[in-house]
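> Provided below for reference: sequence and predicted model.
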Amino acid sequence: MTTTHRKTAPTGIALPCGRRLRVLQLVQDLAFGGMERLVAAMAGSVDRSRFDLQVLTVSDLGHCGRDLPSHIPVHRAPPLPPWTMFWPAPLMRLLRRIEPDVVHTHLGIVWKGSIAARVAGVPRLVHTEHGRLDPDPWIARTLLRVASRWVDVIVPVSRSLDAQLRDRIVPSSVKTEVIPNGVDTERFRPEASDEGFRARLRIPAEAPIIGSVGRLDPIKDYSLMLKAFSRLHSNWEAGPRPHLVIAGDGIERALLEQLTRELQLNATVHWLGWCDEILAVLNALSLFSLSSRSEGMSLSLLEAMSCGACPVVTDVGGNAEVLGSVLSHRLVRERTADSLAAAWVRALSDREQLERDGLAARQRVESDFSLRAMVRRYESLWMSGQGSDASV
C-alpha cells in the first residue's frame, strides 16, 4: 500500500558497473525487541550480489547483534552528547567515511540520523516506523513530524500505523509506503513439542501453556495479562491448570514478578527472560497471547503463528491485519482482564478448533508475511526511491 502526497521525478542512484548499492541500517542498538530481531534477520536475507548492507549503532550492539551474519560490516558511533540533538557532527563524520548510498533509520534515531544523512550528502534516506507509544509523547511526535520532511519515504509496518502517522504526525507532503513485517517461515515452523522444555519448567504433560514473547514494558501491559491469568485460574475446571510462559525482559520485570507473587501465581507463571530457545517456547504453546496497549506489527505474533500457535491478542494496532478475517474471532475487542480471560477459555475449551486455527495461522504467515517478500520490497524501495527535495 502506498500513499503519495507529492510528485517528484524519480532520481535513482547511478552506480559504477559492478558496484553494489551500499545500504546503511542506522539503529540505536540491537539489544532486545522485534525491531532489533527484524534488522538482524533482514541483514541475512538481502541479495548480496546487489546490496552492500552495513549496520551502524549509536549504542552497544546488543543481544540481537549476535544474529548478524559475519559478513555484515558493523560500525559504532562515538558517544553522542546532548548537543548533538541540534548538530550531530560525530554522526555526520562517520557517514562521510562510510559513504552509504542509502541510510535506513529505525525508531528513535530518525531525528539525528536524518540531519546527519542530509548534511553528509547521502542520496537517499528511508525510515521504518515500527510503532508508537500509547500515550504518544508530544516531543516524540514533533521530532518525527519535522524529521519526516527530510526523509524520502517513511515505511509504516501496518496500515493502521500508516493511518495514525498521516492523521496525527507526518505532513501531507510526506510519502509513506506500508511494508508489513515478515518472518523466516523455514526457521519458524511447527515442530514436535520438546518435552524437556516442559520438564525443566515442571509443567505437567496435559497442562495447557499460554505464552507470550516481548519486552517487559508498559506498552505491552503484561500486568493485564497476569490479572487475566488470575481470573482464568479462579474459574478453571477442565483438568490440569494452565501455565503462563513469558519470554522477555525489560524495565517492568521486578514489578511484574511482584504482582505474580501478590496474585499467588508463582507455581504457574514462568518468567524466562530473553532466551535462546525461542523455537522450543513457541512450539510448546497451546496458544500465543498479547495484551498490548499498542502495536505496529508484532514480530513475536508473526513468529508464533508461523510455528502454528493459535493467537489470542488484543485488538490494537496491526494485530487485526495479521489475523485477517479467518482468525478475527481470536481478537480481544475489549482490552480488559475479564475479556482476555474469557477469550482464553473459549480457545482452550475447543481443542479441535484451536488446532484448526493454529494451521490457519501458519498458512496466513506463509502467504502474506514471509521474510523473503518483505526484504524484496525493501530492496525495491532502496533501488527505486525518489530523491528528496528537502534540505536541512
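Thanks, I have it. Numbering: from 1, shown residues only.

> What residues does residue 256 make contact with?
216, 222-223, 226, 271 (CB atoms under 8 Å, 6 or more residues apart in numbering). All C-beta atoms are positioned from the backbone trio N, CA, C, and that covers glycine.

> Now neighbour count and pLDDT too, for those, in JSON lines please.
Shown next, in JSON lines, are these (neighbours: other CB atoms under 10 Å; pLDDT from 0 to 100):
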{"residue": "216", "neighbour count": "21", "pLDDT": "94"}
{"residue": "222", "neighbour count": "28", "pLDDT": "98"}
{"residue": "223", "neighbour count": "18", "pLDDT": "98"}
{"residue": "226", "neighbour count": "22", "pLDDT": "98"}
{"residue": "271", "neighbour count": "16", "pLDDT": "97"}
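
> Residue 363: which of the residues you listed is nearest?
residue 222 (28.8 Å; CB to CB).

> Sticking with the nearest residue to the closest one once chain neighbours are set aside, tell me its helix or strand.
Nearest residue to residue 222, sequence neighbours excluded (CB to CB, 6 or more residues apart in numbering): residue 256, at 5.4 Å. Residue 256 belongs to helix 253-262 when elements are defined using DSSP states H and E.

> then that helix to PDB, C-alphas only?
Extracted in PDB, the C-alpha atoms of helix 253-262 (Å, rounded to 0.1, in the frame of the first residue of the first chain):
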ATOM      1  CA  ARG A 253      10.300  -7.200  35.300                       C
ATOM      2  CA  ALA A 254      10.600  -6.600  39.000                       C
ATOM      3  CA  LEU A 255       7.100  -5.000  39.200                       C
ATOM      4  CA  LEU A 256       5.600  -7.900  37.300                       C
ATOM      5  CA  GLU A 257       7.300 -10.500  39.400                       C
ATOM      6  CA  GLN A 258       6.000  -8.800  42.500                       C
ATOM      7  CA  LEU A 259       2.500  -8.800  41.000                       C
ATOM      8  CA  THR A 260       2.900 -12.500  40.300                       C
ATOM      9  CA  ARG A 261       3.600 -13.100  44.000                       C
ATOM     10  CA  GLU A 262       0.700 -11.000  45.100                       C
END
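
> I'd like the average pLDDT over stretch 279-295.
Averaging pLDDT along stretch 279-295 gives 96.

> List the buried residues in that stretch.
For stretch 279-295, burial by neighbour count (16 or more other CB atoms under 10 Å) applies to 280-295.

> In strands, which of these appear?
Within those, residues falling in strands by DSSP state E are 287-290.

> of all the residues you listed, which two lie farthest apart?
Farthest pair in those, by CB to CB: 287 and 290, 11.0 Å.

> give me the low-pLDDT residue ranges for this protein?
1-17, 32, 62-65, 385-392 (pLDDT under 70).

> the domain parsing of it - what is it?
Using automatic domain parsing, the domain parsing of the chain gives 2-182+371-384, 195-368.

> For the stretch 201-350 of the chain, which segments count as strands?
With DSSP state E, counting those that start in this stretch, the ranges of strands along the stretch 201-350 of the chain come out as 209-213, 243-247, 269-273, 287-290, 310-314, 331-332.

> counting contacts, what elements does the last one pack onto?
Which is strand 331-332. Counting contacts by 3 or more CB pairs under 8 Å, 6 or more residues apart in numbering; DSSP states H and E, strand 331-332 packs against strand 310-314, helix 319-323, helix 337-349.

> Deepest-packed of the ones you listed, please.
Of all these, strand 310-314 has the most neighbours on average by mean count of other CB atoms under 10 Å, namely a mean of 25.

> elements contacting that strand?
strand 287-290, helix 299-306, helix 319-323, strand 331-332, helix 337-349, helix 351-368.

> just how off-centre is it within its chain?
How far strand 310-314 lies from its chain's middle: 16 Å, per CA atoms, centre = their mean, to the nearest Å.

> Partner strands of it, with direction?
Here strand 310-314 is paired, per DSSP bridges, with strand 287-290 (parallel), strand 331-332 (parallel).

> now for these, which one comes closest to residue 382?
That would be, of those and by CB to CB, strand 287-290, which comes in at 30.9 Å.

> what distance separates the closest one from the centre of its chain?
Counting by CA atoms, centre = their mean, strand 287-290 comes out at 16 Å from the chain centroid.

> still on that earlier bit, the helix holding residue 256 to strand 269-273, inter-axis angle?
160 degrees (axes from the mean of the first three to the mean of the last three CA atoms, to 10 degrees).

> helices or strands next to the helix or strand hosting residue 92 in the packing?
Here residue 92, judged by DSSP H and E, is contained in helix 89-98. Counting by 3+ CB pairs under 8 Å, 6+ apart, the packing neighbours recorded for helix 89-98 are strand 21-27, strand 51-57, helix 110-119.
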